[in-house]
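In: Based on what follows, work out the 3D shape:
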Amino acid sequence: MSSVRLLVATGNPGKLREIQALLTGLPLEVASLADVATVEFPPEGAEYAQNAIVKARVAAGQLGQWALADDSGLEVDGLDGAPGAFSARYGGERLDDADRAAHLIAQLGARPGAQRSARFVCVVALVSASGEVHTARGECPGTILPAPRGAGGFGYDPIFRPDGFEFSLAELPPGVKDRISHRGLALAQLRPLLEAISTRSRAGAELG
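Out: Numbers count the residues shown, from 1 in each chain. So this is what the prediction gives:
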């Protein structure tokens, strides 16, 4: 039997690479948006779960297959939980990852005595073509660094030091980051379900 085709509904290449690595070893054909027709997503809101479910549901419905999407953000205590679900657009749409990280550090530094404690949060949604929805949430606590460190990862990884480590997420080996990251923890919760879906497919059960 052929494997299940799973669409990862994201346009972020760094996030796509990370999700594909986290799904390694599963009997799945992992496809990206670049492999399919254009999918139009509605504007994102302030709730991780809602954003992830909407993206996965739209992709699954339009393309008639299982789709996986995540919504994630960095919550900084000294910024009253910002940027949160708006992390990808923090400081303006035209900023790149490095500019956004610099903007966050500047905003935090402008608040005397601001707490540098923070957490990465991720909600992953898995949706079938028929509308079956599964979600999982992962969190990675840590501290905002005064300056970027490391060349790995993407997004805010260079300015985030996870609790229990002396290195930023961008300095950690990919395998270590996958084990402790918000996205890795969320996807680990869905891994048994993805294995079960693949088993059902190989057994000839109707999916979607």
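
In: buried residues in the top helix by length along the chain?
Out: The residue-count maximum for a helix in the chain (DSSP state H) belongs to helix 182-202. Under the neighbour-count criterion of 16 or more other Cβ atoms under 10 Å, helix 182-202 has 182, 183, 184, 185, 186, 187, 190, 194, 197, 198, 201 buried. Heads up, the C-betas are built off the backbone N, CA and C, glycines and all.

In: So what touches that helix?
Out: 1-4, 6, 15, 18-19, 22-23, 26-28, 66, 68, 70, 72, 119-124, 126, 134, 136-140, 177-178, 207 (Cβ atoms under 8 Å, 6 or more residues apart in numbering).

In: follow-up on the earlier one: pipe the buried residues of helix 182-202 into JSON lines and attach distance to residue 10 and pLDDT per row.
Out: Below are the buried residues of helix 182-202 laid out as JSON lines (distance: Cβ to Cβ, whole Å; pLDDT from 0 to 100):
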{"residue": "182", "distance to residue 10": "15", "pLDDT": "97"}
{"residue": "183", "distance to residue 10": "11", "pLDDT": "96"}
{"residue": "184", "distance to residue 10": "16", "pLDDT": "95"}
{"residue": "185", "distance to residue 10": "18", "pLDDT": "97"}
{"residue": "186", "distance to residue 10": "14", "pLDDT": "97"}
{"residue": "187", "distance to residue 10": "13", "pLDDT": "97"}
{"residue": "190", "distance to residue 10": "15", "pLDDT": "96"}
{"residue": "194", "distance to residue 10": "17", "pLDDT": "93"}
{"residue": "197", "distance to residue 10": "20", "pLDDT": "86"}
{"residue": "198", "distance to residue 10": "21", "pLDDT": "79"}
{"residue": "201", "distance to residue 10": "23", "pLDDT": "63"}
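
In: out of those residues, who's nearest residue 11?
Out: Within those, distances to residue 11 taken as Cβ to Cβ reach their minimum at residue 183, with 15.9 Å.

In: picking up where we left off before, narrow the contacts of helix 182-202 to just the buried residues.
Out: In terms of neighbour count (16+ other Cβ under 10 Å), the buried residues within the contacts of helix 182-202 are 4, 6, 15, 18-19, 22-23, 26, 28, 66, 68, 70, 72, 119-124, 126, 134, 136, 138, 140, 177-178, 207.

In: is it true that residue 95 lies in a helix?
Out: No: using DSSP: H, G, I helix; E, B strand; the rest coil, the assignment for residue 95 is coil, not a helix.

In: burial count for it?
Out: 15 (other Cβ atoms under 10 Å).

In: which element is the closest residue in space to it that isn't next to it in sequence on?
Out: Excluding its sequence neighbours, the residue lying closest to residue 95 (Cβ to Cβ, 6 or more residues apart in numbering) is residue 103, at 6.5 Å. Of the helices and strands defined by DSSP states H and E, residue 103 is found in helix 97-109.
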